[in-house]
Structure formats: structure tokens, C-alpha cells
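In: Sequence and predicted structure, then a few things I'm wondering about:
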Amino acid sequence: MKYIDLCEIYDKLGETSKRLEKTHFIAKLLKKTKTEDLDTTLLLLQGKLFPDYEEDKIGVASRLVLKAISVSTGDDISRVEDKWKKIGDLGEVAKELTDTKKQRTLFSQDLSVKKVFSNLRKLAELGGQGSTDHKVQLIAELLTSAQPVEAKYIVRTVLEEMRIGVGEGSVRDAIVWSCFPKIVGIFFKCDKCKKYVPSVKKCVECDNDIDNKFKKELESFKNEALDIKSVDDIKHLEKYEFIKAEDEKTAREAYNYLVEQVQNAYDLTNNFAEITECIRKHGLEGLFKLNIKPGKPIKVMLYPKAKDIEDAFETLGKPAAFEYKYDGFRILVSKDNNKVHLFTRRLDDVTTQFPDIVSYVKTHIKGKSFIIDSEAVGFDAKTKKYLPFQSISQRIKRKYEIEKMAKEFPVELNVFDIVFYEGESLLKKPFMERRKLIEKIVRQSSKEIVLAKQLVTDDVKKAEKFYKEALAVGEEGVMAKSLDGIYKPGSRVGYGVKIKPTFEPLDLVIIGAQWGEGKRATWLSSFEIACRDDNDKFVSIGKVGTGIKELESEEGVTFEELTKMLKPLIISETGKSVKVKPKEIIEVGYSEIQKSPTYESGFALRFPRLIRIRTMEKGLNDVTDLDYIKKLYNQQKK
């Protein structure tokens, strides 16, 4: 595939904020992507060069890209930098200067997706003396051959700042649109261009108004569609171009069913290319055969918040299992023969950073292959008391002095679930059956590896006592789990809930800040925070400036620490205000959620305060969504 074809899709995606339109363009791209190119194309589409679970990272700074643009265009680096300050986007700078160069040299050479991908992947392999110059050469080689729009997206890919708003949800839906028959009622035929497009008011192909009346559209179909009365009738889809339901409700249920199957497959594999290839080769039935494998991460099961113990019982039934909710970070332990991998909930491989945990697993857990869900909790090496997450968070990204860090900031692994053992998936097994298995295979050793403390009861008073005991020893609260519950990767589905005091903190992303004044003049402050809306766009919900410390000697996050994190992410500056690339996620507490026209989300947080940084354990897909904030707002009024 030519890289220019992918860039044209990038442009279309960046021009619309509407998720349906984005999905349409991605589906269009997938339809013309060869199976052997799926992996490369789908990664680049998401602005990635490596899957989330691989350790390799590009790690290229803006200054290096400035130099590459200068080399490729022949422009002085100071001129490139001046344009960057004015425009605020190095991608647009590369596009403009490449356009000028093109007009001057009339030089043109086609770039392939494979060539761009190959050159940029090499950036992660380079290190040591002379590597900076080599990286500049690799980027400049691509930019020299690039058309203006290609230069724009090469630079944005390198800097991981695509700005086209492609989330996992849009890619997932595009796979449904491109691989399965179109569903009448979800897609409509445009009278003008005669193409089948999603049910939006205007055709995404020709901008024509669409009369999308369901019954009228049904009449245009004869025998080329699969007739269904319910989702149970969806079989052998590869034989049909369309699915025709008897009413709009069934059409929507059929569509949601297909989306759910693709989402389930993604939660197991974290690989859209593998899913697309599977459907192309084996149809819908192929998705049901996909399974988890040791050595590859899966999305962990998530737990919604219950109001209290009684609410937990109402959701889960009686009896239920209650476990301490530890203030650590989620670790998915994967072992295949003698090879152990450790993954965080955001799929980062942190095996190297935690040799102590690897040793515990090899020593204390019986079995050749398994996938175990757990929580790594820090403790004081002298007092043996548990410590808050922030005290050990620095270990997650540490690449050097690993052994020293392990001694200074030791962790205990608290095991609470198992999803795969000795070649068998346990996802559909009842929770108590899975618990009995870990009790059998884990040899507990205090301050190394233990089972999560548990109480099984149908008594509200006993459960409340257990909850208070957890809080008294410094835990966040308790988890309550259905005894019959299956393990559903990536979902908050009611097989378990968490019970914590006060309002539920929110995981929000920083999108802007203000330079301080006086003694804080060199620090960023008043951080603008955002949640995630239905289109995977980050919308503001307030500013936070409390909960942050001035001195390193004080416990907690400092202004200086946040400034160091955010400075490389600055996109533009206006006076004292800066906009930053959404990357750093923080946990925010508050006293109340209020409606507010001031912020894009329509809501504001009353007395927001920063609790802790969550970037190392959570990704942008984990940022609290707007629907959940609306739910919390409505709960306040009851």
C-alpha cells in the first residue's frame, strides 16, 4: 500500500469529530488493505509502531525531529524552530517546508507503508555513540522522499502526536463494518452516490441528505440479504452482503452482537490485525476459537463501584466473597514453561523492573503455564507495613539499578485470581473454583507472595466488619465478588464490585496548564483536566491545583515533578497558558460534581485535588468516560 493512501485517510479522520464518520473511513481503508499488511497498517492507523505490550519504544525528542526536518528540506534549523513556535505543530511545519522544497526541486518518489514502518521501527533499536545522527538520517531519508502530507504524518508518528482522534472503539467498529455484511437499519443507500453508508444525516461520501427510513430501505432488498428474527439467526455470514431484520430493534441488536464479539476477541488478544485476519479466513465462528495464551497480556476484568455492602449483595447475590482492595498496582503474571512475563493493566511489560516478583512466581507457584491476576503492594523494608502506591510507582519505569530499587522498595504479590492453567482457559469457570485452584498451587510466604485476604459470607454485619478492618490497616476498601462469576477481560459486568469510602476518585488526563508566578514562575500549575466523551475525545472538566506539594521533602507529587513530566508534551503556548499532549493521567478527588457551561464536558468538579499520578498503570483508554461522570452526578441527587 502507498503511504499517501494512508495519509489521505489520516486527513479525513482529522477533519471530523464524528465517530460514525471516522469509523466509515477506517472501514474503507481496511477493505482495501491486504491481509499481509494488516498488522502494519492498523498499528500506524493508531499512531503506533509497536503493540502496547512490547517494551520497544521510539523515544525520539522534538529537537531531533527539528534537525531531521532541517536536513531533509535544506532549511536552517533556526528557521524550522521559528516556524514551530508560530504554528505549534512540527507535523504542519514539516508539511509546509516540504511543500516549499517540492516546488523548488520538483522531486517526487513514492513511499510505501512498509518502508515508513520499517524505517521508524529501527529508531527504537538504535542506542549508544552515534545513534542520534543515525536516527536523524532515518527520519530525514523518509522526509526527503515524502510528499507534504506524508511529511506531516511521518513527523507526527515519530512524536506520537497523531491528532486524528482514532480510538479503539472506532477501529473495533470499523472491523465489524468491513468484515461482516451490512445491516439494513444501520447502513443506508445514498440516493445520489448509490453507496451504502452509516445512518448519519448526510452521506459521508458525497454530503447528500439521506432519507433513512427503515421500512423504505427494507423494500429495496429482495433475496441478497440474510433474514433474521433475532441474533440467534446470525450464522454463516460470509455467504451474504446484507443482513435484514424485521424491525429496527432487532437490527440494532444484531449490530451490537457483532460489535460485542469483536470486542471480546480484542480483550483476549489485544491485536486488531489478528482479529481481522481471523474473520477473513474463518468468519464469525473463527472469533469463538480465539483464546488467551501465556506470554501475551489480556485486558484485566474491571469492577464498578457499589454504594455500600448492601448494594454489593444486591448486585452479586448471597453469599459473596469479600477481599481486601490493596493500594498497589495490578500485575498480570504470565508463565510459559520457565519464562515469566509481568504485565500492568495498561499492558506494559514490566518483567525487567521486578526480578523479585519473577523469583517469587518461580519459587512459590506450581505449574508450567498459567496466567494469574494479582496486585503488587509496596511495604517498608524495616517496619514491614504496607505503603501507598506512590512509594513504589517509581519502580515501574526504572531501567537501571534494578536490584538496588528492589531492596529499597520491596513489594508483596497478592494473588486473587487465575484465568489460565496448564493449557486450559479458566475464563468461564466460576470464581470460587478459580480461587480453590490458586489456594492449591500458591505456596504462601509473607512479604513475598500471598493470597488476597478473603471472607465468604451472606451476613451484612460480618461483611461490614471485614470492610472496616481493611480500612483500619490502610487498604483502599474491599472487593466483593460473585461466587459463580466468570472472568470477563476488559469489562465492568457485575461479576464483582468495589466498595470504597467517599466519592469515587476519577482518572483524568492533563490537557493544559498555566505557568506560575513569583517563586513558582518556573513551574506549571493550575492543571486543566479532561475526561473522555463518546467519540474518544478528551473534554475538559475543570482545573486542579491542590494536592500538589512545593518541596521534594514533602510526601506526594510536586509542582516540579509535574512540570518535568509535562514540558516535553507542550503543544502550544499562549501567554502563560500551555496546551499539552494528553498523556499524563492523574487520580482526582473532589467534593461534588456540578453542571457547568464553562467546560466542554458540561460538568465541573467542586474542590478537585490531585491524589496521585496514574500514568504508569493506566492508559488513555482508562480515562474516566463522560457517561460514568453523568451517572455519578445523578447518584448525588438521590
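Out: Thanks, I have it.

In: What residues sit buried inside stretch 236-251?
Out: Buried residues in stretch 236-251, counted by 16 or more other C-beta atoms under 10 Å: 237, 243-245, 250-251. Where you see a C-beta, it was placed from the backbone N, CA and C, and this is true even at glycine.

In: same thing with stretch 193-204?
Out: Buried residues in stretch 193-204 (16+ other C-beta under 10 Å): 196-199, 203-204.

In: Contacts for it, please.
Out: 18, 20-21, 23-25, 177, 182, 185-190, 192, 205-206, 208-210, 212 (C-beta atoms under 8 Å, 6 or more residues apart in numbering).

In: can you rerun that using 6 Å?
Out: 20-21, 24, 182, 187-190, 205-206, 210, 212 (C-beta atoms under 6 Å, 6 or more residues apart in numbering).

In: one step back: I'd like the buried residues of stretch 193-204 laid out as CSV, including pLDDT and secondary structure.
Out: Formatted as CSV, the buried residues of stretch 193-204 follow (pLDDT from 0 to 100; DSSP: H, G, I helix; E, B strand; the rest coil):
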residue, pLDDT, secondary structure
Y196, 77, strand
V197, 81, strand
P198, 84, strand
S199, 77, coil
C203, 85, coil
V204, 86, coil
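
In: Of the residues you listed, which is the nearest to L610?
Out: Closest to L610 out of these is P198 (39.9 Å), distances taken as C-beta to C-beta.

In: Could you measure from that closest one over to F188?
Out: Remark: distance between P198 and F188 (C-beta to C-beta, to the nearest Å) = 8 Å.

In: and L29, how far is that from I175?
Out: L29 sits 11 Å away from I175, going by C-beta to C-beta.

In: Looking at the two, which has the bigger crowd around it?
Out: The residue with more neighbours, out of L29 and I175, is I175; 26 against 22, by other C-beta atoms under 10 Å.

In: residues in contact with that one?
Out: With contacts defined as C-beta under 6 Å, 6+ apart, the neighbours of I175 are 262, 276.

In: For it, give its distance to D458.
Out: Counting by C-beta to C-beta, the gap from I175 to D458 is 43 Å.

In: cool, K244 as well?
Out: Counting by C-beta to C-beta - K244 and D458 are separated by 48 Å.

In: Next: Y10.
Out: Per C-beta to C-beta, Y10 is found 56 Å from D458.

In: and the closest residue to R163 other than its chain neighbours, which of the three is it?
Out: Of all residues not flanking R163 in the chain, G14 sits nearest, at 6.3 Å (C-beta to C-beta, 6 or more residues apart in numbering). Following DSSP: H, G, I helix; E, B strand; the rest coil, we place G14 in the helix state.

In: returning to what we had before: can you tell me which of the buried residues of stretch 236-251 are in helices?
Out: 250-251 (DSSP state H).

In: and the buried residues of stretch 236-251, which two are the farthest apart?
Out: For the buried residues of stretch 236-251, the farthest-apart pair by C-beta to C-beta is L237 and T250; their separation is 15.5 Å.

In: Between Y10 and D458, which is the more surrounded one?
Out: Shown here are Y10 and D458; by other C-beta under 10 Å, Y10 has more neighbours (25 against 11).

In: From S369, how far off is that one?
Out: For Y10, the distance to S369 (C-beta to C-beta) stands at 41 Å.

In: what's the answer for K462, then?
Out: In terms of C-beta to C-beta, K462 sits 37 Å off from S369.

In: More neighbours: which of those two?
Out: With neighbours defined as other C-beta under 10 Å, K462 and S369 compare such that S369 has more, 17 against 14.

In: I'd assumed P294 was in contact with the more buried one.
Out: Yes: using C-beta atoms under 6 Å, S369 is in contact with P294, at 4.8 Å.

In: any common contacting residues for the two?
Out: Between them, S369 and P294 share these contacting residues under C-beta under 6 Å, 6+ apart: D336.

In: Kindly tell me how buried T35 is, as a neighbour count.
Out: Neighbours around T35, by other C-beta under 10 Å: 11.

In: For the residue nearest to it when sequence neighbours are not counted, grab the count of nearby residues.
Out: Distances taken as C-beta to C-beta, 6+ apart put E277 closest to T35, at 5.5 Å, once the chain neighbours are dropped. Other residues lying near E277 total 17 when counted by other C-beta under 10 Å.

In: so where's the protein uncertain?
Out: 102-109, 212-223, 502, 552-555, 637-638 (pLDDT under 70).

In: Strands along the stretch 501-638 of the chain, start to end?
Out: Ranges of strands in the stretch 501-638 of the chain, per DSSP state E, counting those that start in this stretch, are 506-515, 524-532, 538-544, 570-574, 577-580, 585-589, 592-595, 603-606, 609-613.

In: try the stretch 301-450 of the chain
Out: Shown for the stretch 301-450 of the chain, the strands assigned by DSSP E, counting those that start in this stretch span residues 320-325, 329-336, 339-343, 369-378, 411-421, 424-425, 449-451.

In: Buried residues, the last one. List them.
Out: Looking back up the chat, that one is strand 449-451. Buried residues in strand 449-451, counting neighbours by 16+ other C-beta under 10 Å, are found at 449-450.

In: Does anything pack onto it? Which helices or strands?
Out: Helices and strands touching strand 449-451, by 3 or more C-beta pairs under 6 Å, 6 or more residues apart in numbering; DSSP states H and E, are strand 411-421.

In: strands paired with the strand it packs on, and their directions?
Out: The strands beside strand 411-421 in its sheet (DSSP bridges) come out as strand 369-378 (antiparallel), strand 424-425 (antiparallel), strand 449-451 (parallel).
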